[in-house]
Structures are given as structure tokens and as C-alpha cells.
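Student: quick check, what structure comes out for this input:
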Amino acid sequence: MKIKTYTALPFEEGKTYKTKFATGDFFILKKIVWVKRHGEMFIDRFEGLYEHKQDLGICPLGPDRLIPDMVETGEQEVCSNCGHPI
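Tutor: Residues are numbered from 1 along each chain as shown. Presented below is the predicted three-dimensional model:
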């Protein structure tokens, strides 16, 4: 049995993303704040607006709280019984 595989696209300022909260709010990404750790750049936080709550103003949000856009990268063969890759 084959399943489709996906890769997450990088976040882009100005785009709207769905949050991982149970409410499923949409977040308009205004700024990506980067930090350098151990010689590499990592996303520290996002700053932006909640789509239907813009009166709150600019809010910070952790990088693990947004669902990135995904692109299909291919297919992978998996076991039809357990779902593990073959």
C-alpha cells in the first residue's frame, strides 16, 4: 500500500496560518523573530494578529503553535496491516 508524503513549507510574513489551538483560529503573521543559538538561526517567536480578533493588537505566538503549509513530495510504500514503512 502507498501513502502520500508531505513536506512543510517555510513560514512567510504576511500570510495567514491556522493555529494549533482547539479553537482553530487564524493568525496573520506580521513578523518572524529569529534568534541565534549554537551558531544556527532558529525561530524564537511569531508576532501578528488574530484574524477575527484584531482589536487585541499585535500578539506573540510560539513557533510550535502554527500549522505550516504543506506540499506533496511523493509516495511511500507502507505495510497494509501496521502502516510502518517498508
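Student: which intervals of this protein have sub-threshold pLDDT?
Tutor: In the predicted model, the chain carries no residue with pLDDT under 70.
Student: can you give me the strands for it?
Tutor: Secondary structure of the chain (DSSP state E): strands located at 2-8, 16-18, 26-37, 40-50, 59-61, 70-77.
Student: chain center to the third one, what's the gap?
Tutor: In this case it means strand 26-37. With CA atoms, centre = their mean, to the nearest Å as the basis, strand 26-37 stands 11 Å off its chain's centre.
Student: what helices or strands is it leaning on?
Tutor: Strand 26-37 is packed against strand 16-18, strand 40-50, with contacts defined by 3 or more CB pairs under 8 Å, 6 or more residues apart in numbering; DSSP states H and E. C-beta here means a position set from N, CA and C on the backbone, and glycine is covered the same way.
Student: the inter-axis angle of the longest one versus strand 26-37?
Tutor: Okay, so that is strand 40-50. 160 degrees (axes from the mean of the first three to the mean of the last three CA atoms, to 10 degrees).
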